[in-house]
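Undergrad: Take this sequence and fold it.
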Amino acid sequence: MNARFYLRDATRAAHQRTDIAFSALDLAQRHDYGVFLGSHFLAYRAMMPVFEAGLPAAQRPPAMADLLADDLHTLGFDTDDMTEPHFTGDALGAAYVVAGSHFGQRVLCAQHRRSDDPIVRDAERYLASPALKLYWPVLKEAIEQVIDAPDGPDRLKRLTLGAEATFALFAECLTLARAKGADHELA
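TA: Modelled structure (predicted):
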């Protein structure tokens, strides 16, 4: 059994729901791009303590919150009053979702780059970063080791629940970022 393929199949519905929610955003538009970045910023901030507590340093996803904060500041969004939700999902399951997001990076970059707004185009640190692509092989190895563990089937269930919780976290953060984006427009 391949753990990655199992995770992919088991979380397909949650992944599709999250993709549909995010697909409503036009990353070429400053407001929508700010909402996109804000939701990812909130999610990463919520997951970082889980990564630090649940994964050895060599298996942790790259820290992306600073890149996201820089891009948000470029767009004129303030991150100081953005409160992230609490997240307690499985660290490796969450890392699977985060690392897998690099597969959609090319599509997101293409949408972002077609912006006529130079400020939007300047806010590219997060999308242009190769960090998640470079992390993917590390994650694949960590996930495949789960199968050989004595509690492999139970661990795989926890990974799946953690990945589903991570997709739900991103959806929750999208809602929070949309509310923050609406406040930003009013300011």
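Undergrad: In this structure, what residue spans correspond to helices?
TA: 3-10, 12-23, 30-54, 65-75, 91-100, 105-113, 118-122, 125-128, 131-148, 152-186 (DSSP state H).
Undergrad: contacting residues for residue 53?
TA: residue 91 (Cβ atoms under 8 Å, 6 or more residues apart in numbering). Just so you know, the C-beta spots here come from the backbone N, C-alpha and C atoms, and that holds for glycine as well.
Undergrad: let's see it at 10 Å
TA: Taking Cβ atoms under 10 Å, 6 or more residues apart in numbering as the criterion, residue 53 is in contact with 88, 91.
Undergrad: For residue 160, see how far away it is.
TA: If you measure residue 53 against residue 160 using Cβ to Cβ, to the nearest Å, the figure is 20 Å.
Undergrad: which residues of the chain score low on pLDDT?
TA: Along the chain, the parts satisfying pLDDT under 70 run over 1, 181-187.
Undergrad: so who does the nearest residue to residue 105 once chain neighbours are set aside touch?
TA: Of all residues beyond its chain neighbours, the one nearest residue 105 is residue 127 (6.5 Å), with distances taken as Cβ to Cβ, 6 or more residues apart in numbering. Contact analysis of residue 127 by Cβ under 10 Å, 6+ apart lists 27, 33, 36-37, 40, 67-68, 71, 105-106, 108-113.
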